[in-house]
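>>> Here is my input, please return the structure:
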Amino acid sequence: MDASPTAAARRAAAIARHLAGLPSGAAAAVAGLQFSPCLSYAPPESSEAPPAFAPMELRALLDGHHLRERDWAYGAMEESPLFCPRRAGGKVFVSPDYNEGKEGQREATMRRIGYLTRRGVFRGWLTEPGPDAELRKLALLECLGVYDHSLAIKVGVHFFLWGGAVKFLGTKRHHDKWLLDTENYVIKGCFAMTELGHGSNVRGIETVATYDSKTGEFVINTPCESAQKYWIGGAANHATHTIVFAQLHINGRNEGVHAFIAQIRDQDENVLPNIHIADCGHKIGLNGVDNGRIWFNNIRVPRENLLNLVADVLPDGKYVSMIDNPDQRFAAFLSPLTLGRVNIAVNAVYISKVGLAIAVRYALSRRAFSITPDGPEMLLLDYPSHQRRLLPLLAKVCMMSSASNFMKNMYVKRTPEISKAIHVYSSALKATLTWQNMTTLQECREACGGQGLKTENRVGIFKAEFDVQSTFEGDNNVLLQQVSKALYAEFLTTQRKKKSFKGLGLEHLNGPCPVIPHSLTSDILRSSKFQMDLFCLRERDLLKQFAEEVARHLAQGESREKALMLSYQIAEDLARAFTERTILQIFLEDEMNAPAGSLKDVLGLLRSMYVMVCIDESASFLRYGYLSRNNVTTVRKEVMILCSELRPHALAIVGSFGIPDAFLSPLAFDWIEANARSSGRE
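Reported below is the predicted structural model:
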């Protein structure tokens, strides 16, 4: 290459002659060229208007309880190097190292649990009674889930599945022996219900426990490969004990599914004789949980290890139960799953909050294109299309926060009389909230562009980490079918007994059928009365249609179960209608309890956005004729208007989620500095 001064001068002269030959206008334009200044990050707080409402007031509504304890738990994690703090863009962030191998992630999870145990996070989780203690426990688990799904699941399996089964299916002898040691992690528990051949259909599991009256022991056996316990969280590496669900056989008679305590490892984590454990292997996410498979080869457990609150076996082999009906008895044995579903649903809401906080903050600092030739580039969230992507999700997650708080409060104040209602609500909300979480994460990932693919920015990796929520603790499709079946049963009962509907929010069916105006205006669309009328109309009509369709199949000679199965399409629409009406009704009560002012106004916007988007995204309103094509078109236009009205509140809303900065990601803050060469990060 010729780099001499003479050569450089020749090139400069040639360029000058070239420019001199340009038309005058073009030459002037070239002469006016200047280097553009580099982009600089401006935090959203520097350009957004001050909040129109107090974010802490909205946080109190959305979190619902134990705000101080939540902040303490967040702080405990931020303080420890075990939670992988790292600096980026001038801030410190915490998150697991997902680049570690499977075994590394598992051991890191256990080290974090040890630290949290020493900090007293789990104190009282199984031994302290009362609704407030239960709500505190749920609040702390939600914080752990914001940090890492594996941590929350590992803790949840130990406390809520293993510990919950001992506490709620066992009696004093089990409580005295196991609960305190569980709380202190002296023992590590897991929950062996699911099998290779049976997941949702627990009644069909094949593991067998045969009572030996000569020794006073149960002999537990895995009779075939499909009976191997599968996906058992904690089993592959760490669990010392498990709850085994098995068919109880006594004197050749099958008494159905029962729960037993069995030790599977000694304190040195050596697998005990006649038990074989294998790893389920690497997963698309949740690799900090050691899911395992278990085979039992005629292991023996004492008679006292039967969890005997519901049913017991006397020393001579006599079977006794406080519940005569086998179906009700079986339902009682599944009760630990209810709290699992509550936890999963609530955790899904918090992960949606994290994803939205990141995506919204990024959209309030990232610019692209301009609408005038020389104008500045626009913020992403100033584009109407970007508002339509994120702001309806913001409304949904706020509505679903209220629903999850309602569900938690119902659970901690549970009585036998409302156990059926808890099952229906937890099934409906677990399915709906986890599906919505995946939708939210996908949209947030796309809204963050290529940065959303980076693991450190959390949104992308969340999709893999939380995909499992759609199928564990009950497949979502199966759960919605259970909801519609429960509604159908309520419908038949009220007809047969000529009674009014009571419970599950179905009281609206006792009144006259709502009438929807022929032509809808913005004022009507935003009216809470219209919104409830429309959702109630859809629910009551679909319930009637579902009952009629089942009746037609029965009249054609089908069994009740087959008739329900053939009516699955209306069943799905009915379950969704029930859930969306429930969410609206719960939020509306919270909104009505809020004092008049700016927060109440914003709650009204969120509610109206939720309703309009439910209408816009569901075919049922057109399919069954509840709204005309013109009215559905009006609804869609209303969504755009609501987006523009919610846009000024977006930053304050995500700020009210109560997620500390350290639990978001570099993308939510100075993403330019976080990616600078000088940062030394690769």
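>>> tell me the mean pLDDT over stretch 169-187?
Stretch 169-187 comes out with an average pLDDT of 96.
>>> Distance check, M400 against C643.
Going from M400 to C643 by C-beta to C-beta, to the nearest Å gives 19 Å. In this view, the C-beta of every residue, glycine as well, is placed from N, C-alpha and C.
>>> oh sorry, the question was meant for L248
For L248 relative to C643 (C-beta to C-beta), the value is 57 Å.
>>> Among the two, which residue is more densely surrounded?
C643 (26 against 21; other C-beta atoms under 10 Å).
>>> burial count for the residue lying closest to the more buried one once chain neighbours are set aside?
Leaving aside its chain neighbours, C643 sits nearest to Q387 (4.0 Å; criterion: C-beta to C-beta, 6 or more residues apart in numbering). Taking other C-beta under 10 Å as the criterion, the count of residues near Q387 is 22.
>>> do R303 as well
19.
>>> Kindly report the same for K214.
For K214, using other C-beta under 10 Å, the count is 7.
>>> now do E443
E443 has 18 nearby residues by other C-beta under 10 Å.
>>> can you tell me the helix or strand for the residue nearest to Q442 when sequence neighbours are not counted?
Nearest residue to Q442, sequence neighbours excluded (C-beta to C-beta, 6+ apart): K463, at 6.5 Å. Under the criterion of DSSP states H and E, K463 resides in helix 459-466.
>>> Can you tell me which helices and strands that helix packs against?
When contacts are defined as 3 or more C-beta pairs under 8 Å, 6 or more residues apart in numbering; DSSP states H and E, helix 459-466 sits against helix 149-156, helix 336-363, helix 419-447.
>>> Show me the strands in the stretch 1-150 of the chain, by range?
86-88, 91-93 (DSSP state E, counting those that start in this stretch).
>>> Name the strands paired with the first one and say parallel or antiparallel.
It stands for strand 86-88. Looking at strand 86-88 with DSSP bridges, its partner strands are strand 91-93 (antiparallel).
>>> Mind listing what's buried along the strand it pairs with?
Going by neighbour count (16 or more other C-beta atoms under 10 Å), the buried part of strand 91-93 is 91, 93.
>>> where does the protein have its least confident helix or strand?
helix 24-31 (a mean of 46; mean pLDDT, DSSP states H and E).
>>> per the record, what domains does the chain have?
Domain segmentation of the chain under the TED database yields 55-169, 188-325, 334-501+509-666.
>>> between those domains, which gets nearest to E673?
Ranking the domains of the chain by proximity to E673 (C-beta to C-beta) places domain 55-169 first, at 4.3 Å.
>>> what separates the closest one from the chain centre, distance-wise?
Relative to its chain's centre, domain 55-169 lies at 15 Å (C-alpha atoms, centre = their mean, to the nearest Å).
>>> And for stretch 469-489?
Per C-alpha atoms, centre = their mean, the centroid offset for stretch 469-489 relative to its chain is 15 Å.
>>> Give me the contact list for that stretch.
199-200, 231, 337, 340-341, 344, 347-348, 420, 423-424, 427-428, 430-431, 434-435, 437-438, 504, 506, 543, 546-547, 550, 564, 568, 570-572, 574-576, 578-579 (C-beta atoms under 8 Å, 6 or more residues apart in numbering).
>>> Which parts of the stretch 551-682 of the chain are helices?
560-566, 568-593, 598-617, 620-623, 629-646, 650-655, 671-674 (DSSP state H, counting those that start in this stretch).
>>> and the ones you listed as CSV, adding distance to I187 and mean pLDDT?
Output for these, formatted as CSV (distance: least, C-beta to C-beta, whole Å; pLDDT from 0 to 100):
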stretch, distance to I187, mean pLDDT
helix 560-566, 41, 94
helix 568-593, 38, 97
helix 598-617, 45, 97
helix 620-623, 49, 94
helix 629-646, 50, 97
helix 650-655, 41, 98
helix 671-674, 43, 93
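>>> circling back to that earlier point, next, format the helices and strands packed on helix 459-466 as TSV and append distance to D616.
Output for the helices and strands packed on helix 459-466, formatted as TSV (distance: least, C-beta to C-beta, whole Å):
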stretch	distance to D616
helix 149-156	31
helix 336-363	19
helix 419-447	14
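>>> Please name the residues that touch R59.
67, 656-658.
>>> what ranges of the chain fall below the confidence cut-off?
1-37, 679-682 (pLDDT under 70).
>>> which residue is nearest the centroid of it?
A348 (1.7 Å; C-alpha atoms, centre = their mean).
>>> Which residue is the nearest non-sequential neighbour of it?
Per C-beta to C-beta, 6+ apart, closest to A348 is N437, 3.8 Å.
>>> Please report how far L574 lies from V550.
11 Å.
>>> Could you do D327 as well?
Distance from D327 to V550, by C-beta to C-beta: 19 Å.
>>> higher neighbour count, the two?
V550 (25 against 10).
>>> doesn't D467 make contact with the residue nearest to the centre of the chain?
No - between A348 and D467 there is no contact under C-beta atoms under 8 Å: 11.3 Å.
>>> tell me the secondary structure for the spatially closest residue to Y624 that is not a sequence neighbour?
Nearest residue to Y624 in three dimensions, chain neighbours excluded: D541, at 6.4 Å (C-beta to C-beta, 6+ apart). Using DSSP: H, G, I helix; E, B strand; the rest coil, the structure places D541 in helix.
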